[in-house]
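Engineer: only geometry, no sequence info:
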């Protein structure tokens, strides 16, 4: 039996924070959800949609009576939010988050919470989408999706277990790992593809003429873009501020991934330039086999 | 009224060639379809699925009585196929193709067909998929999709119109442009994304440990890959030989696109490394806006 939450404060009632609240409400695992955030219109929408029971612009008074705080703001805003809640955080209140990077959020939490750091259980659900805001929140978003916790040495095991149990009740597949492991893995499988999609889209739309024959506007290019382009660039519609924060928060791992990718693209470029069809086909075959094998397991 | 084809020879009965045959049959626009190809088992499958009426391993005798030949082999195999049909090509027979690159296929056709070059009407339907073979062929594949013809000065206008009418009967949106325009556009919106997806997948699966903390196998990485990764890498499951041929056939434009993309990724890398959140967010915002606007029109 998952112990229910009495009063949950969700700071940032968007896709992720809102869906977490909806799932807990749906499962009868929370008595009251209070929404806090920058946008009054988004909060009003969240309340009208039943994502939260009420809203507050007084973060201190909301948190003072909470037994759980969910931080669901962009990772660049975590430190400010943590600083605001730190002085009023009740001793028995658990703070958790859904930030896409973990080492920097943990560093922000240590700086802001001081000796209350043991109350912070860092988390990350793998359920992103290119939609955002309270309107995008929905029951079941996390079902069957991985949820990662990167517990701190200061966490009591029952605090970690409580957060894990709530996510499991949302249908998530709970995994524990260290924060550096988390950040290295997600730089590769999430942050790099997002930056690569943003870069490709920006390169295409910001071009003028490249060759005398190809004096085409971006509009002409996009007119002939097909299904492959559509899927490849879908994540280029993701939230700019969120991805700015993630890129900077996980800077070292992201730069390492970009360097490795640029190097690999340079190899491909040279194979094409040198007409090396054999090596090119071998590379494509390795990629295809890996992609098809992964697909089978998904 | 589209004039029907009496005997259509499809060389390469895969996704594209097979779907073209199925659409013409469905619309009563062809009396007989003869399949020719490298793989006897694929041809037998094509016949058993009704994609072709019969198969032949005698390309010369099949073509000698045809009034239309559809070349649907990888672009690297076009020259060999054209060389084989050239000596037996009847004077009233139209040859067309579905190659993803046009300048090199036209060059191959000029070399192989000589003074019969006016019988060749170059084409390219934008309806790729990561599936291949006769089993992937289906009615309606081209409905609502762009179809590009890059006519030659030697083509009679009624030959171009006949090919255009057949594609229009398949539901395709027929567009005319020059071969260099075609190749520049598709290097950007198709060839580059495919190479970028192959490269990302190969980079991920061929890595060892990168950092002491991130000593993870590709399997661990892929376990946590989510929906963004899935869509970004879908086209990495595309056909290696086909994409080897396209890359080399459109080499100059592909190299130019890879260079521009590597340059843009380098800019992104430097913005991250230098903590330039403002420029990074501006770039992401431009990309997102372009992607969302394109999405609306699709």
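Structural biologist: Structure's in. What do you need? Not measured: the values here are computed from a predicted model.

Engineer: residues near the residue nearest to residue A:97 when sequence neighbours are not counted, how many?
Structural biologist: Nearest in space to residue A:97, with sequence neighbours left out and distances taken as Cβ to Cβ, 6 or more residues apart in numbering or on different chains, is residue A:71 at 3.9 Å. Placement of C-beta: from N, CA and C, glycine included. Residue A:71 has 26 neighbours, counted by other Cβ atoms under 10 Å in any protein chain shown.

Engineer: Likewise for the one 10 residues further on?
Structural biologist: By the measure other Cβ under 10 Å, the count of residues near residue A:81 is 24.

Engineer: Now do the helix or strand harbouring it, average pLDDT.
Structural biologist: Here residue A:81 sits within helix A:78-85, counting by DSSP states H and E. This predicted structure assigns helix A:78-85 an average pLDDT of 96.

Engineer: Show the pLDDT at residue A:211.
Structural biologist: In the predicted model, residue A:211 carries a pLDDT score of 45.

Engineer: and the residue nearest to residue A:97, what does it touch?
Structural biologist: Taking Cβ atoms under 8 Å, 6 or more residues apart in numbering or on different chains as the definition of contact, the neighbours of residue A:71 are A:11-12, A:78, A:81-82, A:95-99.

Engineer: Nearest to chain B, out of these: which one, please.
Structural biologist: Set against chain B, the nearest of the contacts of residue A:71 by Cβ to the nearest Cβ is residue A:98 (13.5 Å).

Engineer: Hmm, residue A:55 is touching residue A:45, no?
Structural biologist: No: counting by Cβ atoms under 8 Å, residue A:55 does not reach residue A:45; the two are 10.0 Å apart.

Engineer: which residues does the residue nearest to residue A:97 bridge with?
Structural biologist: residue A:11, residue A:97 (DSSP bridges).

Engineer: Now do residue A:38 against chain B, distance only.
Structural biologist: According to Cβ to the nearest Cβ, to the nearest Å, residue A:38 and chain B sit 16 Å apart.

Engineer: what helices or strands is the helix or strand bottoming out on mean pLDDT in chain A leaning on?
Structural biologist: Within chain A, judged by mean pLDDT, DSSP states H and E, the helix or strand with the poorest mean is helix A:218-223; its value is a mean of 85. For helix A:218-223, the packing partners by 3 or more Cβ pairs under 8 Å, 6 or more residues apart in numbering or on different chains; DSSP states H and E come out as helix A:192-205, helix B:277-296.

Engineer: tell me which element the residue in the stretch 51-200 of chain A that chain B sits nearest to is part of?
Structural biologist: Relative to chain B, the nearest point of the stretch 51-200 of chain A is residue A:184 (3.1 Å; Cβ to the nearest Cβ). Secondary structure assignment for residue A:184, by DSSP H and E: helix A:179-186.

Engineer: packing partners for the longest helix along chain A?
Structural biologist: In terms of residue count, the longest helix belonging to chain A (DSSP state H) is helix A:251-273. Contacts defined by 3+ Cβ pairs under 8 Å, 6+ apart place helix A:251-273 against helix A:192-205, helix A:277-296, helix B:192-205, helix B:251-273.

Engineer: Can you give the distance of it from its chain's centre?
Structural biologist: In terms of Cα atoms, centre = their mean, to the nearest Å, the centre of helix A:251-273 is set 24 Å apart from its chain centre.

Engineer: Can you point out the buried residues in that helix?
Structural biologist: Across helix A:251-273, burial judged by 16 or more other Cβ atoms under 10 Å in any protein chain shown covers A:251, A:253-258, A:260-262, A:264-265, A:267-269, A:271-272.

Engineer: Of the contacts of residue A:71, grab the buried ones for PyMOL.
Structural biologist: Only the buried members of these enter the following PyMOL selection, criterion being 16+ other Cβ under 10 Å:
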select buried, chain A and resi 11+12+78+81+82+95+96+97+98+99
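
Engineer: In TSV: the contacts of residue A:71, plus distance to residue A:114.
Structural biologist: Output for the contacts of residue A:71, formatted as TSV (distance: Cβ to Cβ, whole Å):
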residue	distance to residue A:114
A:11	19
A:12	23
A:78	15
A:81	15
A:82	10
A:95	13
A:96	18
A:97	17
A:98	22
A:99	19
